[in-house]
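Asks: structure for this input, please:
(chains A and B)
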Amino acid sequence: MTRLQIPIQSTTLKNGLRVVIAPDATAPVVTIGVYYKIGFRLEPQGRSGFAHLFEHMMFQGSENAAKMQHIKLINSSGGLLNGSTMYDVTNYYEAVPSNALERVLWLEADRMRALKVDDENLRNQRDVVKEEVRVNVLNQPYGGFPWLDMPPVAFRNWANAHNFYGDFADLDAASLADVQKFFRTYYVPNNAVLLLLGDVKPEEGFALAEKYFAPIPAGAAPPFADAQEPPQTEERRGHVEEKFGTLPAMAIGYVLPARRTPEWFAMALLDQALHGGRAGRIHRELVLEKQIAVEADGGIEDLFGYNGPAQMTTRILHKPEYSAEATLAAFDAVIREVRENGISEDELQQLAVKWRSDYFSTLEGGRGGYMPRYGLMHLLACFTLFDNEPQLVNTILEGFLEVKGEEVQRAAQKYLRPENRAIVFRTPVKSDAKEAA
Amino acid sequence: MATREVEVPTLAPALTPERPVTWPNRTRARLANGLEVVLAEAHSIPKFHGELYFRAGNALVVDAPSLAEMTATVLRTGTAKRASRQIEEDLRRLGADLGTSAGQDTSAISFAGLSEFAEPILQLVNELAREASFPEAEFERERRQKLEEVKLERASPGFLAGERLRKVLFGAHPYAQVSPSDEQVAAYQREDLQSVYQEIYTPENALLMLVGDFDSQTLLRTIEAVFADWTGKKPTSKEPAAPPKPRARRVYLVHNPGSVQTQILAGCHAITRKHPDWLRLGLTNSLYGGAFNSRLVMNIREDKGYTYSPRSGVLPLRQHGYFSVSAAVRNDVVAASLTEIFYEIDRLRSLPVPSAELADAQNYLTGVFSMGLATQEGLLSQFSTVELNELPADYLETYREKIRALTPEDLLATARKYFDSANMQIVVVGDRAQIEEQAGLFGELEVYDNQGKRAE
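Replies: Coordinates of the predicted model:
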């Protein structure tokens, strides 16, 4: 069986900034990432959508690189850049020809040290974010389904249950003082990791990291609100109107085991058994065999990237001639089957091979056809910020390959229960769909 | 605000000397049956990525849009030796992903998998290319599935905009059809798929490309063993209708009730990738709206906040290419956005680009061009572009120097030639009552409903 060993070196600067380097000189390209351990889950109450709005502000200028300079300096160096806000982390990343490494580090350090934005920048980006929400959610069929629909149904703690893209009233209420406070609280070197991947020599990378980031003073350890959920004792259901789409839809989410527990490894393989493309049990039964659904997919969205309550979520668009109850019954039959009979040794072996193959692709893979090594960067960042152990990238695969068939069945029995799930029905306003359950 | 007081460098560090960009060698072969093979080694992970391309797609069948795509969809559902479920489980057993698809000009079986299973994966690809059985029940399911999909896509503003622009630019040419109507899907016959399959999926019409962790010579021998006894001729090409040449700006409003935003898409005819002006048009587009740092994005996003994701591009189909610019904007700034879109086009047509801005755009394109070097998929995509468009063998190696040689005068001439401002066709998808008056300011107006029917 082939293996993959990624060379990884890491250190911590005096101000608490973690630095992780994974050198590979195959191509003259280097990927640089800065991850901050704050996402939309723990953004301030009354300020839904703020973590994401703030991410936009990080491109609006810092003390020595004014608005538009960040983007211009990266693009004109031959590079690409972006950022994204997730549940528990926010990232900023660039892929550039390796001769631009020092320039990128200067830029990232400048905005970590001294973000410099004004009311005009904030107004501008508030408008941009509203158009982002419209284009991705409000003006799209099934926009935000289920990632925005599910949390308020599934969870009770505001941290997990609010609108992560933001209510427009909350976005309007966000002030420059909020931006300043959020920056001072969470965007401190001791709450971040810097990642350098690709064409960089480790000793050179560490020296440059020291040169540009060491002068940034550490901040107070950020406070993190408690994101724990009260125990769930019954199935939860919710309904959302679908304004544009023609097909009735539903999403079923089961809460996951805590990360890196034996059950979590088993759950990941169970997820592959259920959602692994056309061979996955749910697609096979609902789309190919029973032909109730037009789409049936989903699963655990970012297995390594969450640090609080999360779900494995199935997303189904079904034919209007089937009722929601009939569709759900077909889904439940798939769940019942795996709970009662588990998976065969042959299926387990298929899952393990596919898991290994997918994991290699994750490590190599870019994002959207560009941004080389995005996957490796993301895993290294999460293993550093959540586990303080970047080398997990090289060892965690074993945990998945060692999962036994009976562990998969036990995970199904323990986690795929009605009292551990929530269901959202998204029903077209104008359709001949039968009444939802 | 929020400054932490320390001594830091205040100027952006200069770029250090560049490392050379080297593309991996390609091993080429042509089997006796006509199958072309291109292999390139990339040892980043113990996997490989491949494409078996066929040089014909939806445009081959004029009267049945997307029939080649339907053929591709159904062909993975059964072969002489394996049923659908067997195929999917075997793929998983081999750690493989596989997709079948067709665009206007090509059909493809795309695959990736673990290097240790290269041979059985290639055998499965071979089986799909030669022995697909098009089981009746699978065909019927996929056809019913497609009926739901063609209804569903009409809910997407991006689809509605693209569909209308293609009709306007391509008229009776098959490129006008981005998707079938439900009547057309209902009329699909299993036998039609089989005859498309017989015609398109032949070794003389095919190109097999693989990039990954393998030894090229060993893999070539495997490929010869697997594909050698396959036979078949190139399909006969047909002369399609010439596309119209729309003159003067016209506006096509697609009424999408309840829209809370307007999708703008404007375009005009341009060129294919084989055209000698392709690189200069690419650079001009990059400067206009093809990059984050482009004029259009800086204007209507970073300065005015009208939109989240404005962009422009040149779409090169094999016979024709077209230039287009798109933005999803707030309903009350439709006219304001169009004004800026044309302002930036007209500025590029009127004034030479300052040399510093040109250098930035040249650096951008040449740098991003090398990003594909780092992944197997990136390499495969670049090599495919060269092969499928029959570009010169040194295209990748000379791209950077050719881009760097372009001057402000070249760009001015290119913008004047291809950014056909006066004759751009403008599609707006949104709520008619909120945008009709604004849209009508830019040309004679035609209104359509979201089913594609002309409205009063």
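Asks: for chain B, give me the ranges with low pLDDT.
Replies: Applying pLDDT under 70 to chain B picks out residues B:1-6.
Asks: would you map out the domains in the chain?
Replies: Chain wasn't specified; assuming chain A. By the record's domain assignment, chain A is partitioned as A:9-213, A:236-428 (automatic domain parsing).
Asks: sorry, should have said chain B
Replies: Split by automatic domain parsing, chain B gives B:27-227, B:250-455.
Asks: tabulate these (a markdown table), appending distance to residue A:29 and mean neighbour count.
Replies: In this view, the C-beta of every residue, glycine as well, is placed from N, C-alpha and C. As requested, the domains of chain B are arranged in a markdown table below (distance: least, CB to CB, whole Å; neighbours: other CB atoms under 10 Å in any protein chain shown):
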| stretch | distance to residue A:29 | mean neighbour count |
| --- | --- | --- |
| domain B:27-227 | 12 | 20 |
| domain B:250-455 | 5 | 20 |
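Asks: may I see the domains of chain A organised as TSV, with mean pLDDT added?
Replies: As requested, the domains of chain A are exported to TSV (pLDDT from 0 to 100):
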stretch	mean pLDDT
domain A:9-213	96
domain A:236-428	96
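Asks: quick one: closest of those to chain B.
Replies: Ranking the domains of chain A by their distance to chain B (criterion: CB to the nearest CB) puts domain A:9-213 first, at 1.5 Å.
Asks: what residues does the stretch 301-437 of chain A have near chain B?
Replies: With the criterion set to CB under 8 Å from any CB of the partner chain, the stretch 301-437 of chain A comes near chain B through A:317, A:319, A:349-351, A:353-354, A:356-358, A:360-361, A:363-366, A:369-373.
Asks: which of those residues fall in strands?
Replies: Secondary structure from DSSP state E places residue A:317 of these in strands.
Asks: residue contacts, the residue of the stretch 301-450 of chain B found nearest chain A?
Replies: With CB to the nearest CB as the measure, residue B:367 is the residue of the stretch 301-450 of chain B nearest to chain A, at 1.5 Å. By CB atoms under 8 Å, 6 or more residues apart in numbering or on different chains, the contact set of residue B:367 is A:77, A:78, A:79, A:96, A:97, A:100.
Asks: try residue B:278
Replies: Contacts were defined as CB under 8 Å, 6+ apart; by that measure residue B:278 touches B:271, B:272, B:316.
Asks: let me have the domains of chain A in a markdown table, extended by distance to residue B:80.
Replies: Below are these laid out as a markdown table (distance: least, CB to CB, whole Å):
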| stretch | distance to residue B:80 |
| --- | --- |
| domain A:9-213 | 39 |
| domain A:236-428 | 20 |
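Asks: TSV for the ones you listed, including mean neighbour count?
Replies: TSV is the format used below for the domains of chain A (neighbours: other CB atoms under 10 Å in any protein chain shown):
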stretch	mean neighbour count
domain A:9-213	21
domain A:236-428	20
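Asks: among the ones you listed, which is nearest residue B:299?
Replies: Closest to residue B:299 of the domains of chain A, according to CB to CB: domain A:9-213, at 11.1 Å.
Asks: what about that closest one, distance to the chain center?
Replies: 13 Å (CA atoms, centre = their mean, to the nearest Å).
Asks: cool, and stretch B:174-190?
Replies: Per CA atoms, centre = their mean, the centroid offset for stretch B:174-190 relative to its chain is 20 Å.
Asks: give me the residues contacting it.
Replies: Under the criterion CB under 8 Å, 6+ apart, residues B:58-62, B:64-67, B:70, B:104, B:134, B:136, B:139, B:143, B:146-147, B:150-151, B:153, B:159, B:162-163, B:166-167, B:169-170, B:240, B:243, B:317, B:319-320, B:452 lie in contact with stretch B:174-190.
Asks: can you give me the distance of the spatially closest residue to residue B:377 that is not a sequence neighbour to residue A:199?
Replies: Residue nearest to residue B:377 in three dimensions, not counting chain neighbours: residue B:49, with 5.3 Å by CB to CB, 6 or more residues apart in numbering or on different chains. Residue B:49 sits 22 Å away from residue A:199, taking CB to CB, to the nearest Å as the criterion.
Asks: which of the contacts of stretch B:174-190 fall within helices?
Replies: Among the contacts of stretch B:174-190, the members falling in helices are B:67, B:70, B:136, B:139, B:143, B:146-147, B:150-151, B:159, B:162-163, B:166-167, B:169-170 (criterion: DSSP state H).
Asks: and the domains of chain B as TSV, adding distance to residue A:217?
Replies: Listed next are these as TSV, based on distance: least, CB to CB, whole Å:
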stretch	distance to residue A:217
domain B:27-227	39
domain B:250-455	31
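Asks: hmm, back to that, considering only the contacts of stretch B:174-190, which also neighbour chain A?
Replies: Applying CB under 8 Å from any CB, the subset of these adjacent to chain A comprises residue B:151.
Asks: list the contacts of residue B:112.
Replies: Neighbour list for residue B:112: A:361, B:47, B:48, B:49, B:50, B:96, B:97, B:376, B:377 [criterion: CB under 8 Å, 6+ apart].
Asks: for chain B, which residue is closest to the average position?
Replies: For chain B, the residue sitting closest to the mean C-alpha position, by CA atoms, centre = their mean, is residue B:315 at 6.7 Å.
Asks: please name the nearest non-neighbouring residue to the residue of the stretch 301-450 of chain B closest to chain A.
Replies: residue A:78 (1.5 Å).
Asks: do I have it right that the one you found meets residue A:96?
Replies: Yes - counting by CB atoms under 8 Å, residue A:78 sits close enough to residue A:96 to count as a contact (6.3 Å).
Asks: what are the phi and psi angles of residue B:375?
Replies: Note on residue B:375: its backbone torsions stand at phi -130, psi 150 [degrees, to the nearest 10].
Asks: quick one on the thing from earlier: quick check: which of the domains of chain A is nearest to residue B:252?
Replies: domain A:9-213 (18.5 Å).
Asks: for that closest one, how far is the first residue from the last?
Replies: Counting by CA to CA, to the nearest Å, the length from the leading to the trailing residue of domain A:9-213 is 17 Å.
Asks: give me every residue in the stretch 251-400 of chain B lying close to chain A.
Replies: Applying CB under 8 Å from any CB, we find that the stretch 251-400 of chain B lies next to chain A at B:256, B:258-261, B:291-293, B:298, B:301-309, B:328-330, B:359-361, B:363-368, B:370-371, B:373-378, B:381.
Asks: the residue nearest to the centre of chain B and residue B:325 touch, don't they?
Replies: No - with contact defined as CB under 8 Å, residue B:315 does not count as touching residue B:325 (11.7 Å).
Asks: could you find the closest non-adjacent residue to the residue of the stretch 1-150 of chain B at minimum distance from chain A?
Replies: Going by CB to the nearest CB, chain A is nearest to residue B:95 of the stretch 1-150 of chain B, at 3.0 Å. Take residue B:95 and drop its neighbours on the chain: the residue closest to it by CB to CB, 6+ apart is residue A:357, 3.0 Å away.
Asks: also residue B:116?
Replies: Take residue B:116 and drop its neighbours on the chain: the residue closest to it by CB to CB, 6+ apart is residue A:2, 5.8 Å away.
Asks: what does residue A:194 give?
Replies: Once flanking residues are discounted, residue A:194 sits nearest to residue A:19: 4.9 Å by CB to CB, 6+ apart.
Asks: try residue A:121
Replies: Per CB to CB, 6+ apart, closest to residue A:121 is residue A:60, 4.1 Å.
Asks: contact partners of the longest helix seen in chain A?
Replies: Identified as the longest helix of chain A according to DSSP H is helix A:345-364. Helix A:345-364 is contacted by residues A:1, A:4, A:6, A:268-269, A:272-273, A:276, A:279, A:343, A:373, A:375-376, A:379, A:393, A:397, A:400-401, A:403-405, A:408, B:44-47, B:89, B:92-96, B:112-114, B:375-376 when judged by CB under 8 Å, 6+ apart.
Asks: next step: those restricted to helices.
Replies: Cross-referencing the contacts of helix A:345-364 with the helices (criterion: DSSP H) gives A:268-269, A:272-273, A:375-376, A:379, A:393, A:397, A:400-401, A:405, A:408, B:89, B:92-93, B:376 as the overlap.
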